[in-house]
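K.L.:
Provided below are the primary sequence and the corresponding predicted coordinates.
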Amino acid sequence: MSECTHVAELPRPEPVPSDRTCPECLALGSHPVQLRMCLECGRVACCDSSPYRHATAHFEQTGHPVMRSFEPGETWRWCFVDGSIV
């Protein structure tokens, strides 16, 4: 794991999750695979293994660079800008 400049710029404390699952998937009748949470705003979205890739779409729309796993027991974070676990 590497440290990136985007991690240092994240708000503290971590934002409150916006939902318990991906609301876009629910609205589309799709089952989200592997949830992620934006560490800038708390948005919960599905990962790239889901058909609609809402976490990536959130990054592309907002520029919020770092998400973390929103799965129980997982603590890793992903920086979209650096393309790596941070």
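P.N.:
That came through, no problem.
K.L.:
hey, let's count contacts and neighbours off CA atoms from now on
P.N.:
Will do.
K.L.:
for this protein, what spans make up the helices?
P.N.:
Taking DSSP state H, the helices of the chain run over residues 5-8, 23-28, 54-62.
K.L.:
Comparing these, which stretch has the densest surroundings?
P.N.:
helix 54-62 (a mean of 16; mean count of other Cα atoms under 10 Å).
K.L.:
which helices and strands does it pack with?
P.N.:
strand 35-38, strand 44-46 (3 or more Cα pairs under 8 Å, 6 or more residues apart in numbering; DSSP states H and E).
K.L.:
Mean neighbour count added to the ones you listed, as a markdown table?
P.N.:
Putting the helices and strands packed on helix 54-62 into a markdown table (neighbours: other Cα atoms under 10 Å) gives the following:
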| stretch | mean neighbour count |
| --- | --- |
| strand 35-38 | 26 |
| strand 44-46 | 29 |
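K.L.:
Output those as a markdown table; include the columns distance to residue 53 and mean pLDDT.
P.N.:
Shown next, in a markdown table, are the helices and strands packed on helix 54-62 (distance: least, Cα to Cα, whole Å; pLDDT from 0 to 100):
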| stretch | distance to residue 53 | mean pLDDT |
| --- | --- | --- |
| strand 35-38 | 10 | 98 |
| strand 44-46 | 6 | 98 |
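K.L.:
and residue 75, which of the helices of the chain is closest to it?
P.N.:
helix 5-8 (13.9 Å; Cα to Cα).
K.L.:
starting at the chain centroid, how far to the closest one?
P.N.:
15 Å (Cα atoms, centre = their mean, to the nearest Å).
K.L.:
related to what we said a few turns ago, export the helices of the chain to CSV and tack on mean pLDDT and distance to residue 75?
P.N.:
CSV is the format used below for the helices of the chain (pLDDT from 0 to 100; distance: least, Cα to Cα, whole Å):
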stretch, mean pLDDT, distance to residue 75
helix 5-8, 91, 14
helix 23-28, 97, 22
helix 54-62, 98, 16
